[in-house]
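Student: coordinates for the following, if possible.
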Amino acid sequence: MSKHKQRRERRAAYWMALFSELSDEWPIIHRVIRSLNCNGFDIAPDGRPIKADFYAAIKSWEKSDEPSSKACLDLVQRAVRQLQVKPVIYR
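Tutor: Numbering: from 1, shown residues only. Next up is the predicted model:
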């Protein structure tokens, strides 16, 4: 199998894992926050790091399942609103 096909299938499996977690909001919120803490990477179903691209997953679901795409967008926005920046104290 070509490298690009393997990458597409791995990304599709990752998006299906995200889709399966949409029923409960906390796993998606934790994934978003963890990916922001880990320089944009998340853990794929195969256990290896993968670039977290929630927007691409939402765009792919927008065509086939619009309620799921809106739910994921809402959860991503909710996760980003929960973030708090701690002030840096210089001495």
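
Student: tell me which helix or strand residue 5 sits in.
Tutor: Using DSSP states H and E, residue 5 maps to helix 3-20.

Student: contacts only, for residue 29.
Tutor: Contacts for residue 29 (CB atoms under 8 Å, 6 or more residues apart in numbering) come out as 75, 78-79, 82. Just so you know, the C-beta spots here come from the backbone N, C-alpha and C atoms, and that holds for glycine as well.

Student: show me where this structure has strands.
Tutor: For the chain, the strands defined by DSSP state E cover 41-43, 49-51.

Student: CSV for those strands, including mean pLDDT?
Tutor: As requested, the strands of the chain are exported to CSV (pLDDT from 0 to 100):
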stretch, mean pLDDT
strand 41-43, 88
strand 49-51, 90
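
Student: give me whichever of the ones you listed is most buried.
Tutor: strand 41-43 (a mean of 17; mean count of other CB atoms under 10 Å).

Student: which residues sit against that one?
Tutor: With CB under 8 Å, 6+ apart, strand 41-43 has contacts from 14, 31, 34-35, 49-52.

Student: ok so, going back, okay if I get the strands of the chain as JSON lines plus distance to residue 26?
Tutor: Converted to JSON lines, those look like this (distance: least, CB to CB, whole Å):
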{"stretch": "strand 41-43", "distance to residue 26": "15"}
{"stretch": "strand 49-51", "distance to residue 26": "20"}
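
Student: residue 7: which of these is closest?
Tutor: Nearest to residue 7 among the strands of the chain is strand 49-51 (9.6 Å), distances taken as CB to CB.

Student: which other helices and strands contact that closest one?
Tutor: On a contact count with 3 or more CB pairs under 8 Å, 6 or more residues apart in numbering; DSSP states H and E, strand 49-51 meets helix 3-20, strand 41-43.

Student: partner strands of it, with direction?
Tutor: strand 41-43 (antiparallel) (DSSP bridges).
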